[in-house]
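Asks: structure for this input, please:
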Amino acid sequence: MPEEIVMPRLSDTMQVGTIARWVKHEGDAVKTGDVLIEVETDKATLELTSYHDGTLAQIVIGDGGTAPVGTIVGILARVGESVASVRIATAPTQVPTPAVAQAPTQATPAAPVQAQAVVAPVSAGPAAHDVPAEAVKASPLARVLAEQSGVDLRILAGHGSGPGGRIVRADVEAAAHAHAQVQPAVVPVASPPSGDAFTDEPLNRMRQAITRGMGIAKPGIPHIYLTVEAEMDEALALRQQINDLSSADPRAKLSVNDLVIKASALALRTWPAVNAWFLDEAPARIRTWHQVNIGVAVSVDGGLIVPVIRDVPGKSLGQIARETKDVYDRVRSGKPAANDLQGATFTVSNLGAYGTEEFAAVIASPQAAILAVGAALPRAVVHDGQIVVRTTMRITLSADHRVVDGAYAAQFVKELKRLLEHPISLVL
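Replies: Sure, this is the predicted structure:
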């Protein structure tokens, strides 16, 4: 069974990709892990690798061509298959997805992605199990996920949400996520179930009223802003001690931002409603993520890019320092990994290195909040009635008022300030 090479979703915001160039050419032998294509997205140029051995039988969309996510761009003949027999006559067109309420998908904990509309598969009869799994029309990523999650692709055969009924990642995730027997129909979801990676909640009456009111006052994302000033002397002293002990491993040396990332993640654990997305497609709902993945805004030539550090609360400061340096190197060289740019549940933007004392950042939809970090500077503060000099840093939370109220957001920034001012909490 030949493999369809499709335009993948390489970031949370990606809708269309451009083929920068095909690394392999028609007739070339392909090994698992070989780079097939360089794809330009709205953020970066990334490499698409092969999941199987075989021969590149056909390039459907050539260098410079653009295609929506999920569109077939090439055909890979598996080992033993005739190249001529698997070529398709014309470039396929994208099959429109049925207009139904979007069903939530079970996102893998390592990379949460926004759910796509899916069609619930027809319940498979006994004959379906006579069809070899390798004969089912499915994307390479869907096959890998199906094997990992124990989903039998044969029960989804012909009912995928991809072009021509092809089974794609969202279909496999939805099947793995389902707790009830699949019904032979498109399933409108009124109250999405929860998963291991997230909890979905429809808007209650109060949140609906807030959303309507805020939409009139502040169309789009109704931002609210909260600023606190944290004394950083103890945090900077801890950073210096750790860096002195890490002299043999320069990549483990901490930046101030590494401390902020760790403190933010721990505060999000305490106040989890901030670690959320607002999904405004019908029915509107709030998705609270169980895993904390921090996006870190990075300036690059010509723009801004937001790589992601995953599962931050479970990582040491040294691990965070190494991972941030590694991902910065990849994005600044223009070669980020495919999952470097997707799955953030909260973002940190730090302009302190430029001497900026305070600013408010714009929320990256569908996230519910972003943290803006200014420079740590010596300032006069009052302690026990005396004016003393302390190094302080102003941090501003921008929050989506549809998801988070002011009092809740205030408690989050209060906890963040406490963690930064008592940094031993970051290493315990």
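Asks: residues in contact with A252?
Replies: Under the criterion of C-beta atoms under 8 Å, 6 or more residues apart in numbering, the neighbours of A252 are S246, G318, A321, R322. In short, each C-beta sits where N, CA and C put it, glycine included.
Asks: which of the residues you listed ranks first by neighbour count?
Replies: A321 (27 neighbours; other C-beta atoms under 10 Å).
Asks: need the phi and psi values for Y408.
Replies: Backbone geometry at Y408, expressed as degrees, to the nearest 10, gives phi -70, psi -50.
Asks: residues touching the closest residue to it other than its chain neighbours, list them.
Replies: With C-beta to C-beta, 6 or more residues apart in numbering as the measure, A273 is the residue that lies nearest to Y408, at 6.0 Å, once sequence neighbours are left out. Residues in contact with A273, defined by C-beta under 8 Å, 6+ apart, are T288, A368, V403, V404, Y408.
Asks: quick one: the fourth one is in a strand?
Replies: Okay, so that is V404. No - counting by DSSP: H, G, I helix; E, B strand; the rest coil, V404 falls outside a strand, being coil.
Asks: that one against V274, yeah?
Replies: Yes - V404 is in contact with V274 according to C-beta atoms under 8 Å; the separation is 5.8 Å.
Asks: overlap in contacts, these two.
Replies: The contact lists of V404 and V274 share A368, A369, F412, where a contact means C-beta under 8 Å, 6+ apart.
Asks: what's the neighbour count on the nearest residue to the second one once chain neighbours are set aside?
Replies: The shortest distance from A369 to any residue that is not its chain neighbour, by C-beta to C-beta, 6+ apart, is 4.5 Å, and that residue is A399. For A399, the neighbour count with other C-beta under 10 Å is 29.
Asks: do the same with M214
Replies: Residues lying near M214 (other C-beta under 10 Å) number 18.
Asks: again with V79
Replies: The number of residues packed near V79 is 10, by other C-beta under 10 Å.
Asks: contact partners for it?
Replies: Applying C-beta under 8 Å, 6+ apart, the residues near V79 are D53, G54.
Asks: what's the answer for I59, then?
Replies: By C-beta under 8 Å, 6+ apart, the residues touching I59 are W22, H25, E26, V73, G74.
Asks: nearest residue to the middle of the protein?
Replies: Residue closest to the mean C-alpha point of the chain, counted by C-alpha atoms, centre = their mean, is G343 at 1.2 Å.
Asks: for the nearest residue to A284 once chain neighbours are set aside, list the residues it contacts.
Replies: Of all residues beyond its chain neighbours, the one nearest A284 is L203 (5.4 Å), with distances taken as C-beta to C-beta, 6+ apart. Listed by C-beta under 8 Å, 6+ apart, the contact partners of L203 are T211, P283, A284, R285, I286, R402.
Asks: outline the domain layout of the protein.
Replies: The chain breaks down into these structural domains: 3-177, 201-426 (assignment by automatic domain parsing).
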